[in-house]
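Peer 1: 3D, please:
(one chain, ligands or ions: 1)
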Amino acid sequence: MVSRTALIYSPDFSSFCYGKEHPFKIQRFRLAYELMEAYELTSLPCARIFDCIPAEEGDLLTFHSHSYLSKLKEFSLSDEPRADFRYGLGDIENPVFPGLYHWARLGAGGTIEAARLVTEGGFDIAFNLAGGWHHAHRSRASGFSYLNDSVLAINSLLQKGKRVVYLDIDAHHGDGVQEAFYETDQVLTISIHESGESFFPGTGSEKEIGSGKGKGYSVNVPLKEHTDDALFMKAFDEVAFPLIAAFDPDVMVTQLGADTFRTDPLTRLEITTHSYCYVVKKLKALKIPWVAVGGGGYENINVARAWTLAWAIMNGIELPPRLPARFIKLIDSLGYSNRMLLDAMHWAEDDDRNRALDAVEKSISAIKKKVFPIIIGAYD
Ligand SMILES: [Zn+2]
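Peer 2: Below is the predicted model of the structure:
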């Protein structure tokens with residue numbers, strides 16, 4: 001059966017800017033949408049495109065503190081440069097820019113709406129490109145994230161009595177989401193990411209498994225630098241897939257960051273479209289109501305390719321490997337030389353690969369020992 005799908009995107013995004021030197025480029029959303037358009041993926045009969053509607057303050061208060069939201073609001077209106085490091089605001093990482101509060105509420109509103117669409121709107125899958133702000137904490141901006149859209153959307157699902165899996169395949173640990181649900185067994189969070197040993201945000205060891213009632217319901221697969229396609233698929237197949245299947249959630253929320261790609265300037269993993277598509281296809285095959293959100297990715301064409309591929313898979317469409325001529329013309333004018341949509345499967349250099357393999361095997365075996373008996377044992 002064909003899935004009913006929703007894509008959430010706003011052309012208004014281009015009026016915001018983190019600053020010229022900041023690695024996060026808002027242009028990435030437009031490029032992703034342009035690539036989808038060039039493949040005619042924005043006019044599919046089974047799909048609808050929705051604009052982002054800013055989240056209401058009441059929804060934000062299900063996670064964020066009043067004082068933090070007031071500060072965001074105040075700074076957002078200011079013409080002067082502002083900073084308050086207690087709230088993580090105004091440093092190089094989380095700049096204060098005009099309209100910041102509105103910008104953050106657009107992303108959060110999109111993910112809350114995606115959760116509504118898959119529970120009440122008759123959609124099987126809803127994908128909010130401008131979501132995935134997984135580092136935002138209750139009262140602190142972090143890692144370019146101001147409002148934690150996934151936490152807010154999951155809170156709206158919990159209010160409806162739903163059990164949720166949150167899977168995060170961004171290169172960075174999904175720390176803000178893990179923290180929000182660390183003590184509950186109603187949300188299973190799984191994050192596959194580059195090890196925090198010497199990498200932002202520093203958390204996400206396989207030893208972090210949740211506490212109290214939530215013990216076993218936080219799962220982390222830290223990966224060593226140079227982890228390649230085969231090892232990434234191994235981590236997904238041996239940990240995420242069986243746990244999601246066993247927990248059998250009412251709704252699945254997935255953060256689909258594309259900063260795992262080998263050409264990303266901020267990270268050291270060596271993933272390509274090969275394993276990225278493999279994971280997205282397997283998630284689709286689970287046939288669980290699905291909220292997908294964007295996330296990291298600091299090479300704009302990788303982001304456009306990854307999310308276009310994800311959206312095509314959600315709609316059951318196979319795309320040709322070469323980028324459409326119209327998109328090549330557009331990115332040529334912006335200085336990008338990419339020609340291909342798909343990458344060949346990539347293998348890291350032998351020594352790097354052996355170290356990465358050892359590390360992933362250790363993590364997998366620790367998780368199988370500590371977490372599997374709790375999750376798989378509980379739902380068998
Ligand atoms: Zn990231």
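
Peer 1: Could I get the contacting residues of the residue in the chain positioned nearest to the ion?
Peer 2: Here the residue of the chain nearest the ion is G296; by CB to the ion that distance is 2.6 Å. Bear in mind the C-beta positions are built from the backbone N, C-alpha and C, glycine included. Neighbour list for G296: 132, 170-172, 257-259, 264, 266-267 [criterion: CB atoms under 8 Å, 6 or more residues apart in numbering].

Peer 1: In CSV: those, plus neighbour count, secondary structure and distance to I244.
Peer 2: Formatted as CSV, the contacts of G296 follow (neighbours: other CB atoms under 10 Å; DSSP: H, G, I helix; E, B strand; the rest coil; distance: CB to CB, whole Å):
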residue, neighbour count, secondary structure, distance to I244
G132, 29, coil, 18
D170, 26, coil, 17
A171, 27, coil, 20
H172, 29, coil, 20
G257, 26, coil, 18
A258, 31, coil, 21
D259, 25, coil, 22
D264, 22, coil, 25
L266, 16, coil, 27
T267, 25, coil, 24
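
Peer 1: Which ones, among these, also lie beside the ion?
Peer 2: Among the contacts of G296, the ones lying near the ion by CB under 5 Å from the ion are 170-172, 257, 259.

Peer 1: Could you tell me which strand of the chain is the longest one?
Peer 2: strand 187-194 (DSSP state E).

Peer 1: Could you list the paired strands of it along with their orientation?
Peer 2: strand 164-168 (parallel), strand 218-223 (parallel) (DSSP bridges).

Peer 1: re earlier: turn the contacts of G296 into TSV, columns for pLDDT.
Peer 2: As requested, the contacts of G296 are exported to TSV (pLDDT from 0 to 100):
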residue	pLDDT
G132	98
D170	98
A171	98
H172	98
G257	98
A258	98
D259	98
D264	98
L266	97
T267	98
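
Peer 1: of all those, which comes closest to G109?
Peer 2: For these, the minimum distance to G109 (CB to CB) is 13.9 Å, reached by G132.

Peer 1: Now do the contacts for the closest one.
Peer 2: 149-150, 170, 255-257, 293-296.

Peer 1: Give me the buried entries from the residues you listed.
Peer 2: 149-150, 170, 255-257, 293-296 (16 or more other CB atoms under 10 Å).

Peer 1: Show only the entries of these found in helices.
Peer 2: Applying DSSP state H to the buried ones among the contacts of G132, the entries found in helices are 149-150.

Peer 1: Surely T308 is in a helix?
Peer 2: Yes - applying DSSP: H, G, I helix; E, B strand; the rest coil, one finds T308 inside a helix.

Peer 1: My read is that it contacts E40, right?
Peer 2: No - counting by CB atoms under 8 Å, T308 stays clear of E40, with 11.2 Å between them.

Peer 1: between those two, who's got more neighbours?
Peer 2: Here T308 and E40 are set side by side on neighbour count (other CB atoms under 10 Å), and the busier one is T308, at 25 against 10.

Peer 1: That one and N128: what is the separation?
Peer 2: From T308 across to N128, the span is 15 Å (CB to CB, to the nearest Å).

Peer 1: Show me which residues of the protein sit near the ion.
Peer 2: Counting by CB under 5 Å from the ion, the chain sits next to the ion at 170-172, 257, 259, 296.

Peer 1: List the beta-bridge partners for the residue most central in space within the chain.
Peer 2: Geometric centre of the chain, nearest residue: Q255, 2.3 Å, by CA atoms, centre = their mean. Q255 has these beta-bridge partners by DSSP bridges: D168, V293.

Peer 1: quick one: pLDDT of it?
Peer 2: According to the prediction, Q255 has pLDDT 98.

Peer 1: There's contact between it and D170 in this structure, I believe.
Peer 2: Yes - in this structure, Q255 is within contact of D170 by CB under 8 Å, at 5.4 Å.

Peer 1: Between these two, which contacts overlap?
Peer 2: Going by CB under 8 Å, 6+ apart, residues that sit against Q255 and also against D170 are 132, 134, 295.

Peer 1: Can you lay out the residues you listed as a markdown table showing distance to R105?
Peer 2: Shown next, in a markdown table, are these (distance: CB to CB, whole Å):
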| residue | distance to R105 |
| --- | --- |
| G132 | 15 |
| H134 | 17 |
| G295 | 18 |
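
Peer 1: for the stretch 51-200 of the chain, which spans come out with low pLDDT?
Peer 2: Along the stretch 51-200 of the chain, no part satisfies pLDDT under 70.

Peer 1: one step back: for the residue nearest to the centre of the chain, what are its contacts?
Peer 2: 131-132, 134, 150, 166-170, 174, 177, 293-295.

Peer 1: tell me which of the buried ones among the contacts of G132 is nearest to H102?
Peer 2: D149 (14.1 Å).

Peer 1: The nearest residue to that closest one once chain neighbours are set aside: neighbour count?
Peer 2: Distance criterion CB to CB, 6 or more residues apart in numbering; nearest residue to D149, sequence neighbours excluded, is T111 at 3.7 Å. As a burial measure, T111 scores 34 neighbours (other CB under 10 Å).

Peer 1: tell me the angle of the strand or helix carrying T111 relative to strand 164-168?
Peer 2: Element membership for T111, per DSSP states H and E: helix 100-119. The directions of helix 100-119 and strand 164-168 differ by 130 degrees, with axes from the mean of the first three to the mean of the last three CA atoms, to 10 degrees as the criterion.

Peer 1: for helix 100-119, packing partners?
Peer 2: strand 5-8, strand 47-50, helix 57-60, helix 66-77, strand 125-128, helix 149-159, strand 251-255, strand 290-293 (3 or more CB pairs under 8 Å, 6 or more residues apart in numbering; DSSP states H and E).

Peer 1: now do 6 Å
Peer 2: Where contact means 3 or more CB pairs under 6 Å, 6 or more residues apart in numbering; DSSP states H and E, helix 100-119 is packed against strand 5-8, helix 66-77, strand 125-128, helix 149-159, strand 290-293.

Peer 1: Save those as JSON lines, and put in distance to S337 too.
Peer 2: Below are those laid out as JSON lines (distance: least, CB to CB, whole Å):
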{"stretch": "strand 5-8", "distance to S337": "28"}
{"stretch": "helix 66-77", "distance to S337": "37"}
{"stretch": "strand 125-128", "distance to S337": "28"}
{"stretch": "helix 149-159", "distance to S337": "33"}
{"stretch": "strand 290-293", "distance to S337": "29"}
